[in-house]
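[1] After the sequence you'll find the predicted model.
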2 protein chains.
Amino acid sequence: MTGSPFERLRERLAEVSDLTKAATLLLWDQRVMMPPGGAGARAEALATVSRLAQERFIDDEVGRLLEELRGLEESSDYDSFEASLVRTTRREYEKAQRVPPELVGEMRRASALGLAAWGPAKESSDFEQLRPHLEGQLELRHRYIACFSPPEETYDVLLDDYEPLMKTAEVRVVFDELKQELVPLIEEVGGAGEIDDSFLNGDFEPATQRELGIEIARAFGYTDDEWRLDETGHPFMTSPGAGDIRLTSNFRPNDLSSLFATMHEFGHGVYEWGVDRKLARTPLGSGVSLAVHESQSRSWENLVGRSRPFWRWFYPRLQEAFSGQLGSVDEEAFYRAVNKVQPSLIRIDADEVTYNMHIILRFELEQDLIGDRIEVAGLPDAWNARMEEYLGVQVPDAAHGVLQDMHWAGGALGYFPTYALGNVISVQIWERALDDLGDLDERFESGDFSDLRDWLREHLYSLGAKFTPQETIERVTGSRIDAKPYLRYLREKLAPQVA
Amino acid sequence: MTGSPFERLRERLAEVSDLTKAATLLLWDQRVMMPPGGAGARAEALATVSRLAQERFIDDEVGRLLEELRGLEESSDYDSFEASLVRTTRREYEKAQRVPPELVGEMRRASALGLAAWGPAKESSDFEQLRPHLEGQLELRHRYIACFSPPEETYDVLLDDYEPLMKTAEVRVVFDELKQELVPLIEEVGGAGEIDDSFLNGDFEPATQRELGIEIARAFGYTDDEWRLDETGHPFMTSPGAGDIRLTSNFRPNDLSSLFATMHEFGHGVYEWGVDRKLARTPLGSGVSLAVHESQSRSWENLVGRSRPFWRWFYPRLQEAFSGQLGSVDEEAFYRAVNKVQPSLIRIDADEVTYNMHIILRFELEQDLIGDRIEVAGLPDAWNARMEEYLGVQVPDAAHGVLQDMHWAGGALGYFPTYALGNVISVQIWERALDDLGDLDERFESGDFSDLRDWLREHLYSLGAKFTPQETIERVTGSRIDAKPYLRYLREKLAPQVA
């Protein structure tokens, strides 16, 4: 091995990043392309690649290099690439060192198998099919948590994998504020019978939806050179390498939800796309946390994609494409329909307001599960009871209840809260963008989203993971995470419906 | 590390296999799915994964285990899984140990970048765009060959990667026999003006071609559970894991070549699919060599797919699907057209007879290149001159000449001869299948290919790489590689056209 300690560290981190990117592609492929017969082999491949990535990362050589580089870190500007890389790598190294590579491999294998079981279980709405997988996942999480013993709060360990350095107690503060405002607000708009959205259910050719989704994404910044859009059961975005952004959406023939899913995933994609390419193949070369990531998916889906100026631009095009269904629906009626607040069963279809209650429910159940206050077998009942309590809806079956999301099947506990945190952060960032850019309505009305995209790239995306999530949020917004701007936005938007 | 030495060896080999399968998927994705912007990152990921696979395989621990297992190997039946695994692994280990992992990684990176450059170069028919890549590949091959110094014959080293244990001199004997018979035969049918195949050029909707290809593949043994078929510029088959077979084809709107490409790739796929699943995640879990592999792709493409009974079954279906184009063409005319022998420019479109001359040309040029008898810059001229000499055709541009195949761009020198060897072997195996199964015409005419598939699975596919290619061929056919059955087959098939 030659080169300076910093170069040697970069080389080692590049290797770990390459393995992680290979795992990313293995996962994308499993969810989008792989024939089901490949699931067993894929789980093994994922386990091996992930275990090796962990082995190479926690190797003593990395520890030695990080020690050698303390001098460089201290003598370099805090914002410099060098200091940021050493600082962030040290934090991740100290955490990763606690987890045996075998456990990482085992978790990855269980995740791949759990995800493979989730589809059929949901298809047949049979919780029992998934139960053993969930129990296995929970046991693995207990073993994982034990690596960090004794954690201050058990759930903190899970949360930290998705939202580094965030504590459960901080989430609770934000969510309590949301709950306190939103539960009465949801009751207030509960009837909401006066908004007609019946025309959103009907006959919408999936291939046309896909074309329209691409058309919107292109206006936002999607290019054939660096992006793809595929179909999957549960939309997601992933990037198996710099310059390679993969969106997925679900083109259901009876509604237009794919358009919002595509805009949502575009938001994730443009964040990864905008990371400074100089950070590629390092731990800094990706979005900083899931909450900040979600702030961007929700910005493009909701703050842009459910806004009046957006639909002033795109509704004529949509109406033309689905003239049979929307020919007699005017823009205002359409705008109101896609913004209608109404409690419902499915998180990813939920409106901007009730969405947060879906998350809070999951956040609470996850804590109950990991705290052994409920058993996996009791999950469907607990789910259904809380859906009634928070949203006043009856869950008819597991497919529309506890089986709707794939996260738990894949072992992702601690992930859900980042969705609602993302909602909160999205408006904080949005307000700063408007401060700088002025009113964007006219630009959106003409289909021009470049100023917004460029501002976000400059102020947020390009930073990658150079700073902590909290530092990043503060640099962009000037303040810590704060629910008030988001609640103010919701109240303003809902004013006509509540009035 | 616990377990018996044999179990520890298996574990290590499983890890190497998982990494190789990850690389397989990275490559499949690059050629079928990846947006072009991802090429740089993909090359790095491929380099790292391949280098690690090599590092883990040539680790001293593998050598120690192989030594410890000599006793088990000697006390086990030659045909047993245990003896076969130790024997084959030792051979591969001794070879792999000579090659530094860094060189493996470098070759993989250059391959990915060369392949990424090949498409645009061919598109613009500009050899100069590819030349630096080819020069780099050649230099890497020289470094690779030097690892085996002094090789008896330089080209042997390259050939051995695709056709283990085969010597260049043996190939020459077979090819000389082919050349001696085929050159006059090609001249004899040279005019061939009397066979009308003009209706094979026309308007053939690609989506319909794809459906028909799948329909044929299903009759052969394709299932949605374990297979996929995608579109790509240059058809190929790959398997990123047991139970996961990926075919690709190229659905050109103006001809029906995709049907033959799909059957060809099915032949590769069914070989991988039929390998005993107990051999998965070991070096035995795949087809034994490229020539034997090609014998199967050519069997399903030509011996089945260009046979009269096959078209008796499928022609009515094809005619119905393309009634505008084929409505007035009868089955016999169609059969003769898809079997017409006529020298042409493009290897993958060539008929069964002239195909071999395309291969012999490449085999000779490869030896000239690696022997420094021609330079990369002189390749187009050398190519064009030899095309005229062997096939009497004028090459109009590089896209229809030296740039038509991607193999050299990816660094695959020594690969081409396996194609013609596969033709030869295909008929040797075919004759043994017919000996056992009797005449298959009636079964094919009714669309039933299961007896053939099952016979091939039992006698060939299931063996995987337990034995050497030569042993495998002898076990299945009872003889060594022999061009006579193939030449006899060609003469019989051509008799009507020559007469």
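    Good, I have the coordinates.
[2] Return the backbone torsion pair for A:Tyr222.
    The phi/psi pair for A:Tyr222 (degrees, to the nearest 10) reads phi -70, psi 140.
[3] so what's it up against?
    By C-beta atoms under 8 Å, 6 or more residues apart in numbering or on different chains, A:Tyr222 lies in contact with A:214, A:229, A:247, A:266, A:269. Using the backbone N, CA and C atoms, a C-beta is placed for each residue, glycine as well.
[4] Would you mind listing what in the stretch 201-350 of chain A touches chain B?
    A:224-228, A:240-245, A:280-281 (C-beta under 8 Å from any C-beta of the partner chain).
[5] Just the buried ones out of those, please.
    Buried members of those, scored by 16 or more other C-beta atoms under 10 Å in any protein chain shown, are A:226-228, A:240-245, A:280-281.
[6] In those residues, find the pair that's most separated.
    Longest distance between any two of those is 21.1 Å, between A:Arg228 and A:Arg281; criterion C-beta to C-beta.
[7] Mind picking out the helix or strand in chain A with the poorest mean pLDDT?
    Ranked by mean pLDDT, DSSP states H and E, the weakest helix or strand in chain A is helix A:484-498, scoring a mean of 88.
[8] what's that one in contact with?
    Contacts of helix A:484-498 (C-beta under 8 Å, 6+ apart): A:177-178, A:181-182, A:185, A:188-189, A:192, A:195, A:336, A:339-341, A:352-353, A:423-424, A:426-428, A:430-431.
[9] buried subset of the residues you listed?
    Among these, the ones that count as buried by 16+ other C-beta under 10 Å are A:177-178, A:181-182, A:185, A:189, A:192, A:195, A:339-341, A:352-353, A:423-424, A:426-428, A:430.
[10] what about the most centrally placed residue in chain A, distance to chain B?
    For chain A, A:Glu294 is the residue whose C-alpha lies nearest the centre (C-alpha atoms, centre = their mean; 4.7 Å). According to C-beta to the nearest C-beta, to the nearest Å, A:Glu294 and chain B sit 24 Å apart.
[11] and the residue nearest to that residue when sequence neighbours are not counted, how many neighbours?
    Closest residue to A:Glu294 apart from its sequence neighbours, by C-beta to C-beta, 6 or more residues apart in numbering or on different chains: A:Gly422 at 2.4 Å. A:Gly422 sits with 23 neighbouring residues when counted by other C-beta atoms under 10 Å in any protein chain shown.
[12] which ones are touching A:Glu226?
    Here A:Glu226 is in contact with A:243-245, A:273, B:35-38 (criterion: C-beta under 8 Å, 6+ apart).
[13] Turn those residues into CSV, including distance to A:His142 and pLDDT.
    Formatted as CSV, the contacts of A:Glu226 follow (distance: C-beta to C-beta, whole Å; pLDDT from 0 to 100):
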residue, distance to A:His142, pLDDT
A:Gly243, 39, 97
A:Asp244, 36, 98
A:Ile245, 35, 98
A:Trp273, 37, 98
B:Pro35, 40, 97
B:Pro36, 45, 94
B:Gly37, 42, 96
B:Gly38, 38, 96
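[14] and those as TSV, adding distance to B:Arg87?
    Below are the contacts of A:Glu226 laid out as TSV (distance: C-beta to C-beta, whole Å):
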residue	distance to B:Arg87
A:Gly243	44
A:Asp244	41
A:Ile245	46
A:Trp273	50
B:Pro35	44
B:Pro36	43
B:Gly37	45
B:Gly38	40
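[15] Just the buried residues of stretch A:488-499, please?
    Across stretch A:488-499, burial judged by 16+ other C-beta under 10 Å covers A:489-490, A:493-494, A:497.
[16] An error on my part: the question was meant for stretch A:89-103.
    A:89-90, A:92-93, A:95-97, A:99, A:101, A:103.
[17] what about that stretch, near chain B?
    No: using C-beta under 8 Å from any C-beta, stretch A:89-103 stays clear of chain B, coming no nearer than 11.2 Å.
[18] What separation is there between A:Ile214 and chain B?
    In this view, A:Ile214 and chain B are 13 Å apart by C-beta to the nearest C-beta.
[19] Doesn't that residue lie inside a helix?
    Yes: under DSSP: H, G, I helix; E, B strand; the rest coil, A:Ile214 sits within a helix.
[20] Nearest residue to it in space, ignoring adjacent ones along the chain?
    Distance criterion C-beta to C-beta, 6+ apart; nearest residue to A:Ile214, sequence neighbours excluded, is A:Leu229 at 5.9 Å.
[21] who's in contact with that neighbour?
    Neighbouring residues of A:Leu229 by C-beta under 8 Å, 6+ apart: A:210, A:213-214, A:217, A:222, A:247-249, A:262.
[22] can you pull up the bridge partners for it?
    Counting by DSSP bridges, A:Leu229 forms beta bridges with A:Leu247.
[23] so what pLDDT did it get?
    Listed pLDDT for A:Leu229 reads 98.
[24] what's the answer for A:Arg108, then?
    Looking at A:Arg108, the pLDDT reads 88.
[25] Disregarding flanking residues, what is the spatial nearest neighbour of it?
    In this structure, A:Arg108 finds its nearest non-sequential neighbour in A:Ser50, 4.0 Å apart by C-beta to C-beta, 6+ apart.
[26] Extract the C-alpha set from the helix or strand harbouring that neighbour and format it as PDB.
    Using DSSP states H and E, A:Ser50 falls within helix A:39-57. Taking C-alpha atoms only, helix A:39-57 is exported to PDB below (Å, rounded to 0.1, in the frame of the first residue of the first chain):
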ATOM      1  CA  ALA A  39     -34.500 -15.000  -4.100                       C
ATOM      2  CA  GLY A  40     -32.500 -17.700  -2.200                       C
ATOM      3  CA  ALA A  41     -29.300 -17.000  -4.200                       C
ATOM      4  CA  ARG A  42     -29.800 -13.300  -3.900                       C
ATOM      5  CA  ALA A  43     -30.100 -13.400  -0.100                       C
ATOM      6  CA  GLU A  44     -26.700 -15.200   0.000                       C
ATOM      7  CA  ALA A  45     -25.100 -12.700  -2.300                       C
ATOM      8  CA  LEU A  46     -26.400  -9.800  -0.400                       C
ATOM      9  CA  ALA A  47     -25.300 -11.300   2.900                       C
ATOM     10  CA  THR A  48     -21.800 -11.900   1.600                       C
ATOM     11  CA  VAL A  49     -21.300  -8.500   0.000                       C
ATOM     12  CA  SER A  50     -22.600  -6.700   3.100                       C
ATOM     13  CA  ARG A  51     -20.500  -8.800   5.400                       C
ATOM     14  CA  LEU A  52     -17.400  -8.100   3.400                       C
ATOM     15  CA  ALA A  53     -18.200  -4.300   3.300                       C
ATOM     16  CA  GLN A  54     -18.400  -4.400   7.100                       C
ATOM     17  CA  GLU A  55     -15.300  -6.400   7.500                       C
ATOM     18  CA  ARG A  56     -13.300  -4.100   5.300                       C
ATOM     19  CA  PHE A  57     -14.600  -1.000   7.000                       C
END
